[in-house]
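A.B. asks: coords please:
(2 chains)
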2 protein chains.
Amino acid sequence: MYNEQMYALGSKRSTIREIFEYAKQRADEIGAENVFDFSIGNPSVPAPKAVDECIRRLLDQTPSVELHGYTSAQGDRGVREKIAANFAKRFGVSLTADDLYMTCGAAASLTITLRALTNAGDEFLVFAPYFPEYRVFVEATGASLRVLPCDPNTLQPDLESLEKALNPRVKGVLINSPNNPSGVVYGAETLQKLAEILRKKSAEYGAPIYWISDEPYRELVYDTKTVVGCPMAYYDDTVVCYSYSKSLSMPGERIGYIAISPTATDNRALYAAVCGAGRSLGYVCAPALFQRVAAECDGLTADLGVYKRNRDLLYNALTEYGFKCVYPDGAFYLFVQAAEGSAKAFCERAKKQELLFVAGDDFGCEGYVRIAYCVPTEKIERALPRFQALAEEYGLRKK
Amino acid sequence: MYNEQMYALGSKRSTIREIFEYAKQRADEIGAENVFDFSIGNPSVPAPKAVDECIRRLLDQTPSVELHGYTSAQGDRGVREKIAANFAKRFGVSLTADDLYMTCGAAASLTITLRALTNAGDEFLVFAPYFPEYRVFVEATGASLRVLPCDPNTLQPDLESLEKALNPRVKGVLINSPNNPSGVVYGAETLQKLAEILRKKSAEYGAPIYWISDEPYRELVYDTKTVVGCPMAYYDDTVVCYSYSKSLSMPGERIGYIAISPTATDNRALYAAVCGAGRSLGYVCAPALFQRVAAECDGLTADLGVYKRNRDLLYNALTEYGFKCVYPDGAFYLFVQAAEGSAKAFCERAKKQELLFVAGDDFGCEGYVRIAYCVPTEKIERALPRFQALAEEYGLRKK
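C.D. replies: Sure thing, here's the model as predicted:
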């Protein structure tokens, strides 16, 4: 009677959800302070003060009917003008308000973009490791998702596999840098090569292959030398899917945007298809008050110092204990090699130390675990002896 | 390359949008005060004071990470408990938090519900006149929409046509009372008969036929004797799609809910399918701050006195001038018979009086126009002589 596929999606408890339930049960048994849950990628620092100040100012200064009223479907024009101007200046591209479509966050940015692009039989590519909801979003449009390998030493995309995998059915490639779950950032050289391959194959097939860039962690980089490149500077047929959830620490408020490269093939028609897809999925407009907050606070970030401190503390300690982990420049995750073949078995053994994290299998990469360090720093400090004990159990190198 | 159907949806300008553009152009020519635009169903009264007060209180009292953080996908539990308790008390049904799923407004409530229910080949029924986006939402799931007639004298649903139209492929019937565009409210007897027919046919086919009740105008009724019935009190397999857009005058903030009848067939599985559909469409959670505002302000309304005054003023004057219109108990629309055969021709003639409204053809009812009276009362007062002149042009009855 109902749709079985939707039932399966709604009733299958995700691994992260299972860990969450386990953590709650365990907290009841031994006290929350003794459970070290590194499974959830939920911002742990408050929104910048400017967010709440902006809300108060809007309430004081804007008539209710205007403030809480519908905006146009693509978003308030003033909001789009301000964000587009910042984007253009920051990335050196000629983006305008007419290339921006405000959304209810990153997931909406992706479902709308995929719905706008997909025809029956289309295929999308993604590099492992990848955020597992991509599969849900791609398959919802009737397309299929194919996972390509990464270089196991660097967790950077294996571009040779991309060149081999491309075929005329491939509508687009999903790129996520800084990456969830690995925390790695793709360098300029990688982006350049990626663009060259896509350009060559697009020309060969006579149809654009879209570079869909999922960028919720764009501002979460901790090393001054790390630059997150804008795909529009490298390639024409790009769509940037952005969310303010992480940069402004307000994931519950559901605000983000789709930016279509001004140089994309038939940019106006693609923009219209995005508008049509948003309409068809039931997105009337992005939340009006938070559209204005996003425009006012665009470019600001929550206090990333906490994440950097956590990253340094955990990365340094774990590698000192003998764990292997590619150095993560961004996001708030470490992707650590499991100390035994099976990541799930490793997670189970960590559980005995009350350490909770997610096996990399869920992200298309076996033999790794994801450790989300968006938690209070003192929690990490108290967890370190347990990581050390775990390393010792496995006989990893000690200093 | 992109999806042609989405392009069509996004590039075809709606009639209402065309009128909006015309009104803007005309305002530049003759002054905004001389253009009488009755085409848009956009709340014209401010949100209740309690809305902004509640936002300020939440900012003062709730830690940022909690206030702006993710809620669970189905909505914050405390929010759902409060709203479900109010709903249960008001309508005398045993709804709980576990039957409620918070959404980004009415359109999201509908797209999620339809996605949760639909399998290939399904059909949905709706009575004319109807909100035209229903077709977009139904067809997005791959199902088809069939329009059934109303009684032309009352604009109430023609239930005989329903009984004839039902067949085993019909997954559900979309009901919208108070109705957009007619403003009529379905009485208890109609709801009772509707339930009887659906019960009989569900039993005959051995599968539930869902009653999907789209209720954004539920609180917008102006006559003390008018009662908007809750379908759950009449029939088991009901899903209520609600939005706070109109009741709290905050359509831009995108907040509403889906309520699944506790007595629906396999209620738990249906709820899971709704969760799966929300996930698949990219709705991570409804906007967090406004979930809490909705819970705090549930049961309040914006100042409906303005709409009642407008309704009375316009209905009384138009019928006095000789226009024919079924008395509208609710919403903020009059559905007036065109004074000549073609509603579009009638709209064009009205335009010469600077009166703008939408032809009923768009709502599946030829020979009518929709007049949205959610405008300042003084605008209506100044428009009356123009309506009178229009009536005189057509030689309608004068007093």
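
A.B. asks: all strands of the stretch 201-350 of chain A, in order?
C.D. replies: Secondary structure of the stretch 201-350 of chain A (DSSP state E, counting those that start in this stretch): strands located at A:210-214, A:238-243, A:256-260, A:333-337.

A.B. asks: what's the last one in contact with?
C.D. replies: Residues from elsewhere that reach strand A:333-337 (C-beta atoms under 8 Å, 6 or more residues apart in numbering or on different chains): A:41, A:129, A:155, A:179-184, A:311, A:314-315, A:318, A:323-326, A:328, A:360, A:365, A:367-373. Quick note: C-beta positions are derived from backbone N, CA and C, even for glycine.

A.B. asks: ok, now the first one?
C.D. replies: Residues outside strand A:210-214 that contact it (C-beta under 8 Å, 6+ apart): A:106, A:109-110, A:113-114, A:117, A:124, A:131, A:134, A:171-177, A:194-195, A:198, A:231, A:235, A:237-241.

A.B. asks: can you tell me which of the residues you listed are in strands?
C.D. replies: A:124, A:171, A:172, A:173, A:174, A:175, A:238, A:239, A:240, A:241 (DSSP state E).

A.B. asks: Name the member of the residues you listed with the shortest distance to chain B.
C.D. replies: residue A:171 (7.8 Å; C-beta to the nearest C-beta).

A.B. asks: ok, that closest one touching residue A:124?
C.D. replies: Yes - at 6.1 Å, residue A:171 and residue A:124 qualify as touching, with contact defined as C-beta atoms under 8 Å.

A.B. asks: what do these two both touch?
C.D. replies: What both residue A:171 and residue A:124 touch, as defined by C-beta under 8 Å, 6+ apart, is the set residue A:143.

A.B. asks: Also within reach of chain B: list those from the ones in strands among the contacts of strand A:210-214.
C.D. replies: By C-beta under 8 Å from any C-beta of the partner chain, the members of the ones in strands among the contacts of strand A:210-214 lying near chain B are residue A:171.

A.B. asks: Kindly reformat the strands of the stretch 201-350 of chain A as JSON lines and extend each row with mean pLDDT.
C.D. replies: Output for those, formatted as JSON lines (pLDDT from 0 to 100):
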{"stretch": "strand A:210-214", "mean pLDDT": "98"}
{"stretch": "strand A:238-243", "mean pLDDT": "98"}
{"stretch": "strand A:256-260", "mean pLDDT": "98"}
{"stretch": "strand A:333-337", "mean pLDDT": "97"}
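
A.B. asks: Residue B:356: which of these is closest?
C.D. replies: strand A:256-260 (32.1 Å; C-beta to C-beta).

A.B. asks: How far does the helix or strand bottoming out on mean pLDDT in chain A sit from its chain's centre?
C.D. replies: Least confident helix or strand, chain A: helix A:15-30 with a mean of 88, by mean pLDDT, DSSP states H and E. How far helix A:15-30 lies from its chain's middle: 24 Å, per C-alpha atoms, centre = their mean, to the nearest Å.

A.B. asks: coming back round to it: so which of the ones in strands among the contacts of strand A:210-214 is the closest to residue B:202?
C.D. replies: For the ones in strands among the contacts of strand A:210-214, the closest approach to residue B:202 (C-beta to C-beta) belongs to residue A:124, at 40.0 Å.

A.B. asks: separation between that closest one and residue B:114?
C.D. replies: Residue A:124 sits 25 Å away from residue B:114, taking C-beta to C-beta, to the nearest Å as the criterion.

A.B. asks: Between the two, tell me which one has more neighbours.
C.D. replies: residue B:114 (30 against 25; other C-beta atoms under 10 Å in any protein chain shown).

A.B. asks: So what's the predicted local confidence for the residue nearest to that one when sequence neighbours are not counted?
C.D. replies: Excluding the flanking residues, the one nearest residue B:114 by C-beta to C-beta, 6 or more residues apart in numbering or on different chains is residue B:141, at 5.0 Å. Residue B:141 carries a pLDDT score of 96 in this model.

A.B. asks: list the contacts for residue B:141?
C.D. replies: B:111, B:114, B:115, B:118, B:122.

A.B. asks: Please repeat the previous calculation with a cut-off of 7 Å.
C.D. replies: B:114, B:115, B:118 (C-beta atoms under 7 Å, 6 or more residues apart in numbering or on different chains).

A.B. asks: do residue A:370 as well
C.D. replies: Contacts of residue A:370 (C-beta under 7 Å, 6+ apart): A:181, A:333, A:335, A:357, A:358, A:360, A:363.

A.B. asks: Among those residues, which are located in strands?
C.D. replies: Checking the contacts of residue A:370 against DSSP E, those in strands are A:333, A:335, A:358.

A.B. asks: bridging residues for the last one?
C.D. replies: On DSSP bridges, the residues paired with residue A:358 through beta bridges are residue A:370.

A.B. asks: cool, the first one as well?
C.D. replies: Residue A:333 forms beta bridges with residue A:372, as assigned by DSSP bridges.

A.B. asks: for the strands of the stretch 201-350 of chain A, which one sits closest to residue B:148?
C.D. replies: For residue B:148, the closest of the strands of the stretch 201-350 of chain A is strand A:256-260, at 37.7 Å, according to C-beta to C-beta.

A.B. asks: With just CA atoms, put the closest one into CSV.
C.D. replies: Taking C-alpha atoms only, strand A:256-260 is exported to CSV below (Å, rounded to 0.1, in the frame of the first residue of the first chain):
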residue,chain,number,x,y,z
GLY,A,256,22.2,26.9,2.0
TYR,A,257,22.3,27.5,-1.7
ILE,A,258,23.0,26.1,-5.2
ALA,A,259,25.4,28.2,-7.3
ILE,A,260,25.5,27.5,-11.0
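
A.B. asks: which helices and strands sit right next to it?
C.D. replies: strand A:100-103, helix A:106-117, strand A:238-243, helix A:267-281 (3 or more C-beta pairs under 7 Å, 6 or more residues apart in numbering or on different chains; DSSP states H and E).

A.B. asks: List buried members of the contacts of strand A:333-337 by neighbour count.
C.D. replies: A:41, A:129, A:155, A:179-184, A:311, A:314-315, A:318, A:323, A:325-326, A:328, A:360, A:365, A:367-373 (16 or more other C-beta atoms under 10 Å in any protein chain shown).

A.B. asks: Tell me where the model's unsure across chain A.
C.D. replies: A:398-399 (pLDDT under 70).

A.B. asks: Kindly state the domain boundaries assigned to it.
C.D. replies: A:4-47+A:303-393, A:49-297 (automatic domain parsing).

A.B. asks: ranking those by burial, who's on top?
C.D. replies: A comparison of the domains of chain A by mean neighbour count, using mean count of other C-beta atoms under 10 Å in any protein chain shown, puts domain A:49-297 on top with a mean of 21.

A.B. asks: can you give me the end-to-end distance of that one?
C.D. replies: 10 Å (C-alpha to C-alpha, to the nearest Å).

A.B. asks: What of stretch A:80-100?
C.D. replies: 6 Å.

A.B. asks: Is there proximity between it and chain B?
C.D. replies: No - applying C-beta under 7 Å from any C-beta of the partner chain, one finds stretch A:80-100 separated from chain B by no less than 13.0 Å.

A.B. asks: And the contacts of that stretch?
C.D. replies: A:75, A:77, A:102, A:230, A:232-233, A:257, A:259-260, A:262, A:267, A:271, A:294-295, A:298-299.
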